[in-house]
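> Here's my sequence, what's the structure:
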Amino acid sequence: MSSLWWRGKWCGGKVTETKTAGQKTKAKKRYRELIVPLVKRRFPGEVLLILHGSLARGDQVRSSDIDLAIYKGRPLSAREWLQFTRDLDELPILRKIDLIDLAEVGDLALLKEILESGEVWIESRDLLKSLKERLESSGNW
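Reported below is the predicted structural model:
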């Protein structure tokens, strides 16, 4: 039985892809270029969009998804959610996109983590302030 080594790393029988930090940044920039205009078209007016998870931290692997959090100051309607997720599915992105509506988040620890470690892609100071006030009023900020 032969060992499988690739780019100096033991792959345990699987060939994995090793990307440099520059390649990861370039991919993240491309995702942003595709997603942000879509969000602005779909939700004119105030909207907050935050990338969180492994892509925001820069430690994504080949199987990582794109974790997005959206906030309009109110929960998205079922129709808005369905149309938006369909639009996201049609983008030329091979990664799965995992979407969360921050108005629907009951887990305040998750909300805090997203606000503290996420990367804001579309900013709304008023909406961000309202989320922080929600955390402060619960004693979690």
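> So which residues of the chain form strands?
Shown for the chain, the strands assigned by DSSP state E span residues 5-6, 9-10, 48-52, 66-71, 97-101, 119-122.
> Of those, give the one that comes closest to Asp89.
When the strands of the chain are compared by Cβ to Cβ, strand 97-101 sits nearest Asp89, at 7.7 Å. Any C-beta I mention is one placed from the backbone N, CA and C, and that applies to glycine too.
> helices and strands around that closest one, which ones?
Packing partners of strand 97-101 (3 or more Cβ pairs under 8 Å, 6 or more residues apart in numbering; DSSP states H and E): strand 66-71, helix 78-90.
> how about these in CSV, adding distance to Arg42, mean pLDDT and mean neighbour count?
Below are the helices and strands packed on strand 97-101 laid out as CSV (distance: least, Cβ to Cβ, whole Å; pLDDT from 0 to 100; neighbours: other Cβ atoms under 10 Å):
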stretch, distance to Arg42, mean pLDDT, mean neighbour count
strand 66-71, 10, 98, 23
helix 78-90, 5, 97, 13
